[in-house]
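Participant: Next comes the sequence, and after it the predicted model I'd like to discuss.
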Amino acid sequence: MHDLVVRGGTIVDGTGRERFEGDVAIEADRIAAVGRVSARGRRELDAAGQVVAPGWVASRSRRPFGSRPRTPPMYGASPTAARSRSARRATST
């Protein structure tokens with residue numbers, strides 16, 4: 001018997017395969033099975049009509065609250081634009 005079985009959800013597992021209808025079983029805070037789970041769970045949730053994404057820790061961000069992402073100063077700029085900015089700074093001083 002599993003600790004928790006999430007039944008009938010649309011599984012999106014991040015492997016690149018197509019989403020599919022299925023179940024996710026949890027045991028001791030770990031994913032025990034994904035697909036058709038025949039065993040019962042101590043607790044069962046009906047996920048019909050919901051997306052279930054097993055193994056995804058956070059779909060938005062894992063940065064600590066208030067932190068800023070590390071980005072290079074010229075993030076998004078082409079190498080040519082970065083060189084021309086550097087050249088303008090060097091000639092202006």
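Facilitator: That came through, no problem. Numbering: from 1, shown residues only.

Participant: OK, contacts around the residue nearest to Val52 when sequence neighbours are not counted?
Facilitator: Ranked by C-beta to C-beta, 6 or more residues apart in numbering and with sequence neighbours excluded, the top spatial neighbour of Val52 is Gly9, at 3.5 Å. In short, each C-beta sits where N, CA and C put it, glycine included. Neighbour list for Gly9: Glu21, Gly22, Asp23, Val24, Ala47, Ala48, Gln50, Val51, Val52 [criterion: C-beta atoms under 8 Å, 6 or more residues apart in numbering].

Participant: Contacts only, for the fourth one.
Facilitator: Counting by C-beta under 8 Å, 6+ apart, Val24 makes contact with Val5, Val6, Gly9, Ile11, Ile31, Ala33, Val34, Val37, Val52, Pro54.

Participant: How about the last one?
Facilitator: Listed by C-beta under 8 Å, 6+ apart, the contact set of Val52 reads Val6, Gly9, Thr10, Ile11, Val12, Gly22, Val24.
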